[in-house]
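In: Here is a sequence with its predicted model. Questions after.
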Amino acid sequence: MKREPILNIPTVTGLMIGGLVAVHLARLVLSPEADFKLILGFSFIPARTMGDAGAALLPGGEAARWWSLITYALLHGDAMHLTVNCLWIAAFGTPVARRFGTARFVAIAVLSAIAGAALHLAIYPHDTVPVVGASAAGSGLMGAAARFVFASEGPLDMLRRLDPLAPLRPAAPLGVVLRDRRVIAFTAIWLGLNVLFGLGGSLLPGIGGAIAWQAHIGGFLAGLLLFPFFDRGTAKRREDVMRALEEEASYHNGSS
């Protein structure tokens, strides 16, 4: 009997996690001064994006006002921060990548990172504290996954049988999804934990500073609300998978 691998995640999800790990490992060989300069150049700093006086003196100059809306997601405070986000992306990015494919997966993750930075900016427009981490992107993948993983015969119902069609089942409209008790409970618990950690994150082991929970919420809302725009190609993807499964079945039946 063929056994499924323990870590059965799509290639793009693995590459995303591998990229985050590679960036963090590369920073370990830098001097403290060089690493600090890198953080200032690529982290998201609201005051810089707002063009506050003195922000232009930060590394990266004018261009960093815009690239930092994305590049901050590549940086992490420490190994614990990185590990949590990688596990988060593996859990919620896997069903989304199987549903969307590489291009749409990357697009929704990037837009979720931008949305997370945007909401943080809206609340703290002149803050000078650097924001780092892929949490907003991971939250966006979670928001997108919430639109379909709880569906009947969806990924959660098919965990014991890795059905390739499970992540591709038609998704219910947002109004229906938001009335699902499992979605409501899941979202309420997640929001509660974000607020709790946001208020006391600096006291948690492995977390050196406050958690930008507003960015998490911004990313989550982006994934939840933008889902239909990215889901338009899923019907064709489902047809392609069904055709491939039928061809595989015909081949096995013909060779048996």
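Out: Now that the structure is in, tell me what you want to look at. Because the structure is predicted, anything quoted here is derived from the model rather than measured.
In: Please count neighbours and contacts with C-alpha atoms only from this point.
Out: Noted.
In: Name the spans of this protein whose pLDDT lies under the cut-off.
Out: Along the chain, segments meeting pLDDT under 70 span 1-7, 152-162, 197-211, 244-256.
In: Longest helix in it, please.
Out: helix 79-123 (DSSP state H).
In: And the next helix or strand past it?
Out: helix 135-146 (DSSP states H and E).
In: hmm, back to that, and the longest helix of the chain with helix 135-146, angle?
Out: Relative orientation of helix 79-123 versus helix 135-146 (axes from the mean of the first three to the mean of the last three Cα atoms, to 10 degrees): 90 degrees.
In: Which elements pack onto helix 79-123?
Out: helix 11-28, helix 64-71, helix 135-146, helix 213-230, helix 234-255 (3 or more Cα pairs under 8 Å, 6 or more residues apart in numbering; DSSP states H and E).
In: Could you provide those in TSV, with additional columns for distance to W88 and mean neighbour count?
Out: Shown next, in TSV, are the helices and strands packed on helix 79-123 (distance: least, Cα to Cα, whole Å; neighbours: other Cα atoms under 10 Å):
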stretch	distance to W88	mean neighbour count
helix 11-28	10	16
helix 64-71	18	21
helix 135-146	6	30
helix 213-230	12	23
helix 234-255	23	13
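In: The ones you listed: which one's closest to C86?
Out: Relative to C86, the nearest member of these by Cα to Cα is helix 11-28, separated by 5.7 Å.
In: Give me the residues contacting the closest one.
Out: D35, L74, L75, H76, L82, C86, I89, A90, G93, T94, A97, T102 (Cα atoms under 8 Å, 6 or more residues apart in numbering).
In: Just give me how far the longest helix of the chain sits from the chain centre.
Out: Chain-centre distance of helix 79-123: 1 Å, with Cα atoms, centre = their mean, to the nearest Å.
In: before we move on, what about stretch 9-23?
Out: 12 Å.
In: follow-up on the earlier one: could I have the buried ones of the contacts of helix 11-28 as ChimeraX selection syntax?
Out: With 16 or more other Cα atoms under 10 Å as the criterion, this ChimeraX line picks the buried residues out of those:
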select :74,75,76,82,86,89,90,93,94,97
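In: And the contacts of helix 11-28, which is closest to A222?
Out: G93 (14.5 Å).
In: can you pull the contacts of that closest one?
Out: So G93 contacts T13, F105, G138, L141, M142, A145 (Cα under 8 Å, 6+ apart).
In: Test my guess that the last one contacts F92.
Out: Okay, so that is A145. Yes: counting by Cα atoms under 8 Å, F92 is a contact partner of A145 at 6.2 Å.
In: just to revisit the earlier point, quick one: which of the contacts of helix 11-28 is nearest P228?
Out: After measuring the contacts of helix 11-28 against P228 - Cα to Cα - the closest member comes out as A97, at 14.8 Å.
In: Please name the nearest non-neighbouring residue to that closest one.
Out: Leaving aside its chain neighbours, A97 sits nearest to F105 (5.4 Å; criterion: Cα to Cα, 6 or more residues apart in numbering).
In: and the gap between the one you found and T11?
Out: 11 Å (Cα to Cα, to the nearest Å).
In: do the same with F92
Out: Distance, F92 to T11, using Cα to Cα: 14 Å.
In: still on that earlier bit, now the contacts of G93 as a markdown table including distance to Y124?
Out: Shown next, in a markdown table, are these (distance: Cα to Cα, whole Å):
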| residue | distance to Y124 |
| --- | --- |
| T13 | 31 |
| F105 | 29 |
| G138 | 21 |
| L141 | 24 |
| M142 | 24 |
| A145 | 28 |
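In: Nearest to D52 among those residues?
Out: When these are compared for distance to D52 (Cα to Cα), G138 wins out at 29.3 Å.
In: residues touching the closest residue to the closest one other than its chain neighbours, list them.
Out: The shortest distance from G138 to any non-neighbouring residue, by Cα to Cα, 6+ apart, is to I89 (5.2 Å). Contact analysis of I89 by Cα under 8 Å, 6+ apart lists T13, I17, G138, L141.
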